[in-house]
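K.L.:
just coords:
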């Protein structure tokens, strides 16, 4: 007995040590990721003068929401612009997301279920775009968009974002469909469902976590994208948020609190989306992992 | 319930012929087992009947309708899958209700039928659970319930018992057979387990390489296999099959093993052997038809015990006959040791002779 406890005690202590090391690392990572957000939020509550003080005001002495009020006031030019950019971003991102899901779901299903000539080749060629850095396609895509007459339209961005988001979406969803036994659809079809009903009533609900993951990925990609939006759009009323935020940089002065308030509001939809949908995310990961 | 008829059904995948000219009729209320090793085309045949696979040629009739081009949903069949294929995101109640809902029955009628089926299968207490919370046997019942809730024209079953443990399988086998008798249902049952086919089916269709080898009542298939494949597939342990040549003599004929052992054929078997296309035969005999003696007797063949497997109520003796090993069964009180010399006596009325070249059974 004593021998056993003597052997096991240091081992258990070491496991505790590892656990604490893990906690410390996680804590540092949380600080690393959250601190900029916190600082962004604190700065957005300061006055323009207070934001530039040195040594910095760690905590705003006279917190104010005036920058938020200004951004959300359509009667001021900056507020009107911000709301328009926000609307543009929402439109581009939501349309991209819907289109990505609408294309990726049937494409992934077809890759998973049907045998057609060139299936493997097509499936891997979907990945071709992802083998190169996105910037490489900037000029070719710009030329293409000009030929199509799409420069300065949101359609140019939506099409571009789709080419970035779709490959991963198709691959991810195909994995989901591969894991859904084909007998489920066959059973549904024998039970009286058409092929489409079998897909809609049986397969779709089972692949919902995958579809949600795909949608989030597409949405965030489109929401944050800067370089293409900057290149393809030159008209002010069309700009999306990442590009529009430049308005806060002027030649001599930069409205830091205003910029931070705008940045903070820009991150709100993504954070909210994650908070609402994270349980589906987790379920998507755990459901596949546990065999029954 | 209805009759199901296949006529010269062919299914090809490119150059591969999965189902080769299969014709068979399943009578109304009959339990037919499609049996064969993996890849023999039995599941493909079942899926063809279900409408999940389009055929390349031939005709399928269910009742008086030709259903070649009908969608699965319009064929009015029910199917039980090997993995049960229960809808994992629906409760058991909704699983059972799904086929009725698809046929747009009023809710009150759906409820009535679901509860009746659940009661019949003793799963009423599980209706609010989800499939993954159920044991394998319970899932099996739900799968069966989803099939019979609708009163289809025929039941298709694709190895429904193969995922159950051995004890439960024996129990469910009896229940399925009983269920077939009570409902007077037309059942097409796919299995690779010849024992399931023999014990449950009114008729069994033995398939190999996409070809229907023999279609008859299990006892007839067992007694008169049409070729060496069926002979070796049906029955456990399998029928012993030994290649031999014919040796004509003045008094009759004998078969000679490739190691020189010799066995005189009965007059009837001589006439069968005469039909051999090239003078070679495959001699088949089941373990239960052999007798082992410790001393030489007229027209016995010498062998050597390779090993003996006592199973309790029967002992299987593996006997070396020349370079072949055959299986004979003896009562457990007979003590056999490895390398004992024994003399094998064949039952002339139950020796099967097959053509050495075509592997077909030889008949008078």
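P.N.:
Yep, it's here. A quick note: this is a predicted structure, and the numbers were derived from the prediction, not measured.
K.L.:
ok, so what distance separates the most centrally placed residue in chain A from chain B?
P.N.:
Nearest residue to the geometric centre of chain A (Cα atoms, centre = their mean): residue A:220, 2.1 Å. Distance of residue A:220 to chain B, given as Cβ to the nearest Cβ, to the nearest Å: 27 Å. Any C-beta I mention is one placed from the backbone N, CA and C, and that applies to glycine too.
K.L.:
for residue A:62, same thing?
P.N.:
Residue A:62 is 54 Å from chain B, by Cβ to the nearest Cβ.
K.L.:
ok, how many other residues are close to residue A:124?
P.N.:
Residues lying near residue A:124 (other Cβ atoms under 10 Å in any protein chain shown) number 10.
K.L.:
re earlier: surely the residue nearest to the centre of chain A is within a helix?
P.N.:
Yes. Using DSSP: H, G, I helix; E, B strand; the rest coil, the assignment for residue A:220 is a helix.
K.L.:
Contacts only, for it.
P.N.:
Counting by Cβ atoms under 8 Å, 6 or more residues apart in numbering or on different chains, residue A:220 touches residue A:270.
K.L.:
The one residue in chain A that gets nearest to chain B: what's it in contact with?
P.N.:
Of all residues in chain A, residue A:192 sits closest to chain B, at 3.2 Å by Cβ to the nearest Cβ. Neighbouring residues of residue A:192 by Cβ under 8 Å, 6+ apart: B:73, B:99, B:102-103.
K.L.:
show me where the stretch 1-150 of chain A has helices.
P.N.:
Ranges of helices within the stretch 1-150 of chain A are A:2-44, A:48-51, A:66-71, A:77-113, A:119-125, A:138-147, based on DSSP state H, counting those that start in this stretch.
K.L.:
Throw the ones you listed into JSON lines and include distance to residue B:220, thanks.
P.N.:
Below are these laid out as JSON lines (distance: least, Cβ to Cβ, whole Å):
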{"stretch": "helix A:2-44", "distance to residue B:220": "67"}
{"stretch": "helix A:48-51", "distance to residue B:220": "96"}
{"stretch": "helix A:66-71", "distance to residue B:220": "88"}
{"stretch": "helix A:77-113", "distance to residue B:220": "42"}
{"stretch": "helix A:119-125", "distance to residue B:220": "46"}
{"stretch": "helix A:138-147", "distance to residue B:220": "73"}
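K.L.:
Save those helices as a markdown table, and put in distance to residue A:172 and mean pLDDT too.
P.N.:
Below are these laid out as a markdown table (distance: least, Cβ to Cβ, whole Å; pLDDT from 0 to 100):
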| stretch | distance to residue A:172 | mean pLDDT |
| --- | --- | --- |
| helix A:2-44 | 24 | 78 |
| helix A:48-51 | 42 | 76 |
| helix A:66-71 | 36 | 85 |
| helix A:77-113 | 8 | 92 |
| helix A:119-125 | 13 | 88 |
| helix A:138-147 | 24 | 92 |
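K.L.:
What segments of the stretch 151-292 of chain A are helices?
P.N.:
Remark: helices assigned in the stretch 151-292 of chain A by DSSP H, counting those that start in this stretch are A:154-179, A:182-190, A:195-198, A:204-206, A:208-224, A:227-232, A:241-244, A:256-289.
K.L.:
closest to residue A:48 out of those?
P.N.:
helix A:256-289 (5.8 Å; Cβ to Cβ).
K.L.:
touching chain B at all, that closest one?
P.N.:
No. Judged by Cβ under 8 Å from any Cβ of the partner chain, helix A:256-289 stays clear of chain B, getting no closer than 9.4 Å.
K.L.:
Burial check on residue B:54, number of neighbours?
P.N.:
For residue B:54, using other Cβ under 10 Å, the count is 10.
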